[in-house]
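Enquirer: sequence and predicted structure, then a few things I'm wondering about:
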Amino acid sequence: MVDINQKERTIRVKIVYYGPALGGKTTNLRVLHEQAIGARRGELISVNSMQDRTILCDLLPLRSGGFRGYDLKLQLLAVPGQSMYSATRRVVLKAADGIVFVANSASDRWYENTQSLKEMNANLVAHQVDPNTIPFVIQYNKRDLPQVIDLPALGRELNVRHVPSFPAVATEGSGVLETFAAILSVTLQELCRRYRTMELPPGQTIEAWVKQAVKGIFGREQFDVLPADAPAQEVEEPPVEIELPDGTSMAVASTGYRRVRVTTPQDVPAAPAPATAAPRPAQAPAAEAHPSEALAASYAEASAELGFVVNDLREELTAALLRLDEMRRALELATEPTGSADVEARVRRILQVLVAAGGASAAALRLATTETARSVTLPPLVSDPLSRTTWGQRHLDELGDLPEPLVEEAVESPQLTDALRASEPSFEAVVLVPLRSAERLLGLALLYYDVHAALPSRDTQVHLGYLARELAGPLEASAAREATAAAGRLRVLSQAAAAGVASLLTRLPPEAVRRQSLNLADVLAPLRVPGVFVAAPTEAIAVAADAPLLRFTLATLVHLCETDSLERGQTPEITVRAAVDGSAVRVTVSAVGRSSVLAAGDPGHHLSDAELSVVQTIAALHDGALTHNRDAEHRPVFVLQLRRA
């Protein structure tokens, strides 16, 4: 029975190759293993006699890729064909989701074929499975022999269900892939019918998915036919190369063909009788020795499970090595100098790491460091699917406090379905990965998954969260660097405007300033934003001032401190403090920027003379004064003195 693991987001499907001895079951699995891409196959394990006859079963794990957001893993098993291993065949057949019956086309194997089919049906009944409904495919192997049974005759005897059937010469690779694709197709059709979780969305078909899966496993849609006299190659395979996020590769242990040979009683030749021994009296032939069926069955079941556990451990090791390398890439990206790369270039590198770690089909990153949110995408996307819709923009805005990665599938809401499936290409799910600094959200990575992609398991989501924490640093650095460059461009424009405003203010008569009693706390309140700390006495302080001009003055001083911090390679942190000094009120605005991932700039940058001139003119119009200096760490400190009302 299929194993659907919701937590790990995996589906395990068991397919059994059944048939008479010497029919070619092991050869089918060996060819599939040889032709499969290294990253998609496990280790082929055979437990054989000294004559290379299967005595337990052959085990071949394959990964077909994503199916309905799950990682679909195939477990292929070939039963031993010799009559003495009937108990093993019965155990291996247990919980099978699909069966390939490999018939021997040799003209002298008619009886073995029919008997094996009858035994298979009897074993299915013993497991309370209907032989007439289980997914089933027949392969007529060994069609290259000089004397073979006609296909119509084989079909009349073996294919009473009229299931898909294929002539084959497994040793040459002919018919092997076609048989595999057919059993995969009919098995998944039956599972989709029985399990709602596995139903494909509208417009998707099993046939299209199988075609894509076969190409993903083997890199092609059909095998090249091998020469009939090509010897079987048993060489030590090189390590499998796994592609890493930066385009390089890493070698892991090969998933080769492991053959275990075990000496059986049939392998031990009988000792010759001594020449001088007296003739023994005739005895009835001894009954053929059979191991205990219960013991053999337990041994076979344990061996099969052990084989797949070993493969799971191998997959876990490979995944751990990949995650380690992804973390290394994230650390390198977080610690390298910002250089001249713009924000979009760095964002794309961040996305490439996250896409590789999450196995996503496409990705976008929605930046939260700009005044208006904007998105950067990776091909094949040209725009972000969610940001294109009004509902999607509102939904993303609501996720500003998202603490960890979140998986959302299209079926969860009609609006999400419309946004994802109306995209080109269309998607079935999105994983939202927040990139945060200690104070705020810097960006939201959107990893999109099509219908054939496996959604990340819970462990992978945790891994994505760790990567996001590392990658938030370079994102913050690039955003701050771009903000500094933008501030420089704006300064050029604002200096000219400030000079004009200062000239106008100097010619403004004092009576034109609308002085009124203002509560200083009300004036300072709008300055309380992230990155600006405002401290004022608890008692009410009233000042005589023009409200718009005073607010403009304080905002300008805060802006000058922020710009200076950015130029010095620091994250801006501004302090505004108000205190009473006799009949005057002193407002101190200072930069206390903390170190950031930006490289430190040169201390002592010149503040904008034009902007300072405007602020000083406004202070003079209020019978006040502005002084500015730098502290021991060369950070700007402004003191604005105003008259109390």
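Expert: Arrived safely.
Enquirer: for the rest of this, base every contact and every neighbour count on C-alpha atoms.
Expert: Fine.
Enquirer: check the offset of stretch 392-400 from the chain's centre.
Expert: In terms of Cα atoms, centre = their mean, to the nearest Å, the centre of stretch 392-400 is set 22 Å apart from its chain centre.
Enquirer: what's that stretch in contact with?
Expert: Contact partners of stretch 392-400, identified using Cα atoms under 8 Å, 6 or more residues apart in numbering, comprise 386-387, 416, 419, 441.
Enquirer: what does stretch 630-642 give?
Expert: 543-544, 557, 561, 564-565, 584-592, 603-604, 619, 622-629.
Enquirer: please identify the buried residues of it?
Expert: Within stretch 630-642, the residues that count as buried by 16 or more other Cα atoms under 10 Å are 635-642.
Enquirer: all helices of the stretch 401-550 of the chain, in order?
Expert: 414-421, 458-506, 520-524, 547-567 (DSSP state H, counting those that start in this stretch).
Enquirer: please apply the same query to the chain.
Expert: 25-35, 86-93, 110-126, 151-158, 176-194, 206-218, 293-335, 343-358, 390-398, 414-421, 458-506, 520-524, 547-567, 609-621 (DSSP state H).
Enquirer: among the ones you listed, which gets the worst mean confidence?
Expert: Note on these: helix 458-506 shows the lowest mean pLDDT, a mean of 70.
Enquirer: give me the local confidence score for residue 99.
Expert: pLDDT, residue 99: 98.
Enquirer: tell me how far residue 143 lies from residue 162.
Expert: 20 Å (Cα to Cα, to the nearest Å).
Enquirer: these two - which one has more neighbours?
Expert: Set residue 143 next to residue 162 and count neighbours by other Cα atoms under 10 Å: residue 143 wins out with 19 against 12.
Enquirer: any idea how far residue 38 is from that one?
Expert: For residue 143, the distance to residue 38 - Cα to Cα - is 30 Å.
Enquirer: domain parsing for this protein?
Expert: 3-263+299-315, 336-481, 508-643 (automatic domain parsing).
Enquirer: now render those domains as TSV, adding distance to residue 321.
Expert: Putting these into TSV (distance: least, Cα to Cα, whole Å) gives the following:
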stretch	distance to residue 321
domain 3-263+299-315	9
domain 336-481	12
domain 508-643	28
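Enquirer: count the neighbours of the closest residue to residue 444 other than its chain neighbours for me.
Expert: Once flanking residues are discounted, residue 444 sits nearest to residue 434: 4.6 Å by Cα to Cα, 6 or more residues apart in numbering. As a burial measure, residue 434 scores 27 neighbours (other Cα under 10 Å).
Enquirer: go on, the one 10 residues further on?
Expert: Burial of residue 444 is recorded as 24 neighbouring residues (other Cα under 10 Å).
Enquirer: OK, contacts around it?
Expert: 365-368, 432-435.
Enquirer: so which of the residues you listed is the most crowded?
Expert: Neighbour max across these (other Cα under 10 Å) = residue 435, 30 neighbours.
Enquirer: ok, what's across the strand from it?
Expert: With DSSP bridges as the criterion, residue 435 is bridged to residue 443.
Enquirer: that older thread, farthest-apart pair in the contacts of residue 444, please.
Expert: 368 and 432 (13.9 Å; Cα to Cα).
Enquirer: end-to-end on stretch 123-134?
Expert: Using Cα to Cα, one end of stretch 123-134 lies 13 Å from the other.
Enquirer: hmm, who's touching that stretch?
Expert: 90, 93-95, 97-99, 121, 161.
Enquirer: any of those buried? List them.
Expert: 90, 93-95, 97-99, 121.
Enquirer: got these as TSV, with distance to residue 404 columns?
Expert: What follows is these, written out as TSV (distance: Cα to Cα, whole Å):
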residue	distance to residue 404
90	47
93	43
94	41
95	38
97	37
98	40
99	43
121	51
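Enquirer: list just the nearest of these to residue 347.
Expert: Among the buried ones among the contacts of stretch 123-134, and counting by Cα to Cα, the member closest to residue 347 is residue 97, at 44.6 Å.
Enquirer: give me the beta-bridge partners of the spatially closest residue to that closest one that is not a sequence neighbour?
Expert: With Cα to Cα, 6+ apart as the criterion, residue 97 has its nearest non-adjacent residue at 5.3 Å, and that residue is residue 14. Per DSSP bridges, the residues bridged to residue 14 are residue 75.
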